[in-house]
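# Predicted model follows, preceded by the sequence.
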There are 2 protein chains.
Amino acid sequence: MRLSRKSEYGLRALLELTKAYDQVALRRSDIAEAQHIPVGFLETILLELKRAGILGSRPGVQGGYRLIKPPEDVLVGQVIRILDGPLAPIPCVSQTAYQTCQDCPYSEARDCPIQNVMFDVRNAIAGVLDGYTLRAFSERGRNRRVGKSPQHRGNNAWSRTQ
Amino acid sequence: MRLSRKSEYGLRALLELTKAYDQVALRRSDIAEAQHIPVGFLETILLELKRAGILGSRPGVQGGYRLIKPPEDVLVGQVIRILDGPLAPIPCVSQTAYQTCQDCPYSEARDCPIQNVMFDVRNAIAGVLDGYTLRAFSERGRNRRVGKSPQHRGNNAWSRTQ
DNA sequence: ATATTGTTTAGAAAAATTATTAAGAATTAT
DNA sequence: ATAATTCTTAATAATTTTTCTAAACAATAT
């Protein structure tokens, strides 16, 4: 039940990008240094977040990565799903990537004990992780799962996809 | 956030052993067949559960493995901790195997956003998994987290350790 | 043009997971 | 005692996943 390094790095990067939201772009090397993340690995992480529409980027001087969604609109659970896949402990209880079990003696009976327990676990995990916005997450206070505050979108021409 | 094969197999094996509780011993090959588990892998799993004091075993004819703790006294969370280690997504929020983070920029500030979120996740997971006894688990009904029923311990001379 | 910075793909290295093997020891039945 | 059965142990092989690196390429601003 472990959080991957990848997701941890991704969240730490987003911490920096949330601080800089609507202000400056951060180069991957800036983020890597601030958060002690291997720069090459960080690269692949940032690109995945970009493809998912959370980050934008621009090459060249003054370039770098930016958060293009308001931090009030991004959930920690979404970030982990992007980087690590479904939150569910087993595929047969995933909401976002359901798969039937093969070789499970209960798969036909429709009443599998493991599925029942893990269904609750999935919901418990998703309940917590989808209860934190990036903003609440970055503000650190325990359990500060704040609602949305007025969105002031910056007008940016940053690439949303590709 | 995935449940390992090992824990899944272990729980499935315990399903069989709970059914047979206070009645018969099951050979590893019986369990392996009933639950479609590779017999060699199952072996190492059963032994870990034995070392942890949950199972007893005896060689020879009529031998096999038995549950030596009442299924009302064993929690699903305990089983997964034995087989997979701590439930916590990251070591710095584990109750049973706490470890400080190294290289985490927040580790000294005592106010790490990741730690805060993952603390909640750990509690959510443990809350569910420690809410199911083996008995409730094996009886399959959704959310049937029953309290303890009268314990009728069988008098057995089965090895508890070694 | 040139320096800067992101993009993409491929894949190497390391670690963890999953599984197997084989020699050995305990128990029961005869 | 002997043999058949079954668990025991340790080593390690195979596979998969995770983590990370490299290098050629493309876009941007000055």
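Yep, that arrived.
# quick one: the helices in chain A?
A:5-19, A:28-35, A:39-51, A:76-84, A:113-129, A:134-138 (DSSP state H).
# and of those, who's closest to B:R27?
helix A:113-129 (21.9 Å; C-beta to C-beta). No exception for glycine: its C-beta is placed from N, CA and C like everyone else's.
# Pop the domain breakdown of chain A in here.
Using automatic domain parsing, the domain parsing of chain A gives A:5-72, A:76-129.
# closest one to B:I54 among these?
Once those are compared by C-beta to C-beta, domain A:76-129 is nearest, at 16.9 Å.
# measure the closest one end to end?
5 Å (C-alpha to C-alpha, to the nearest Å).
# A:R66 contacts A:A25, correct?
Yes: the pair A:R66 / A:A25 is scored as a contact, 4.9 Å apart, by C-beta atoms under 8 Å.
# higher neighbour count, these two?
A:R66 (22 against 18; other C-beta atoms under 10 Å in any protein chain shown).
# What separation is there between that one and DNA strand D?
13 Å (C-beta to the nearest atom of the strand, to the nearest Å).
# Next: A:S29.
With the distance defined as C-beta to the nearest atom of the strand, A:S29 ends up 12 Å from DNA strand D.
# From DNA strand C, how far off is the spatially most central residue of chain A?
With distances taken as C-alpha atoms, centre = their mean, A:V79 lies nearest the centre of chain A, 0.8 Å away. Distance of A:V79 to DNA strand C, computed by C-beta to the nearest atom of the strand: 17 Å.
# what do you get for A:L47?
Distance of A:L47 to DNA strand C, given as C-beta to the nearest atom of the strand: 5 Å.
# Can you tell me which residues in chain A are near DNA strand D?
Residues of chain A that fall close to DNA strand D, judged by C-beta under 7 Å from any atom of the strand: A:4-6, A:9, A:38-41, A:43-44, A:58-63, A:84, A:159.
# and these, which are buried?
Buried members of the residues of chain A next to DNA strand D, counted by 16 or more other C-beta atoms under 10 Å in any protein chain shown: A:K6, A:Y9, A:D84.
# could I get the domains of chain A as CSV with mean pLDDT?
Shown next, in CSV, are those (pLDDT from 0 to 100):
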stretch, mean pLDDT
domain A:5-72, 97
domain A:76-129, 91
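# Those residues of chain A touching DNA strand C, which are they?
A:2, A:25-29, A:43-44, A:46-47, A:50-51, A:57-61, A:63-65, A:159, A:162.
# and stretch A:12-24, does that touch chain B?
Yes: looking at stretch A:12-24 against chain B by C-beta under 8 Å from any C-beta of the partner chain, the contacts come from A:R12, A:L15.
# So for that stretch, what gets flagged as buried?
Result for stretch A:12-24 [16+ other C-beta under 10 Å]: buried residues A:R12, A:A13, A:L14, A:L15, A:E16, A:L17, A:T18, A:A20, A:Y21.
# Kindly export stretch A:32-50 (C-alpha atoms) in CSV.
C-alpha atoms of stretch A:32-50 as CSV (Å, rounded to 0.1, in the frame of the first residue of the first chain):
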residue,chain,number,x,y,z
ALA,A,32,14.5,19.6,-8.8
GLU,A,33,16.8,21.6,-6.6
ALA,A,34,14.2,22.9,-4.2
GLN,A,35,12.7,19.5,-3.6
HIS,A,36,15.7,17.2,-4.1
ILE,A,37,14.3,15.4,-7.0
PRO,A,38,16.5,13.8,-9.7
VAL,A,39,16.0,16.1,-12.6
GLY,A,40,15.6,13.5,-15.3
PHE,A,41,12.9,11.7,-13.4
LEU,A,42,11.2,14.9,-12.6
GLU,A,43,11.1,15.7,-16.3
THR,A,44,9.0,12.6,-17.1
ILE,A,45,6.7,13.4,-14.2
LEU,A,46,6.1,17.0,-15.3
LEU,A,47,5.4,15.9,-18.8
GLU,A,48,2.8,13.5,-17.6
LEU,A,49,1.1,16.2,-15.6
LYS,A,50,1.3,18.4,-18.7
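# which residues touch that stretch?
For stretch A:32-50, contacts defined as C-beta atoms under 8 Å, 6 or more residues apart in numbering or on different chains pick out A:5-6, A:9-10, A:12-16, A:28-29, A:31, A:55-57, A:65, A:79, A:82-83, A:159, B:103-105.
# and stretch A:79-92, C-alpha only, in CSV?
Output in CSV follows, covering the C-alpha atoms of stretch A:79-92 (Å, rounded to 0.1, in the frame of the first residue of the first chain):
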residue,chain,number,x,y,z
VAL,A,79,-2.6,13.8,-9.4
ILE,A,80,-1.9,10.3,-8.0
ARG,A,81,-4.2,8.7,-10.5
ILE,A,82,-2.3,10.4,-13.3
LEU,A,83,1.1,9.3,-12.0
ASP,A,84,0.4,6.0,-10.4
GLY,A,85,-2.9,4.8,-11.9
PRO,A,86,-6.1,3.9,-10.1
LEU,A,87,-6.3,4.4,-6.3
ALA,A,88,-8.0,1.0,-5.8
PRO,A,89,-6.0,-1.8,-4.2
ILE,A,90,-7.3,-4.3,-6.7
PRO,A,91,-8.6,-3.7,-10.2
CYS,A,92,-12.0,-5.2,-9.5
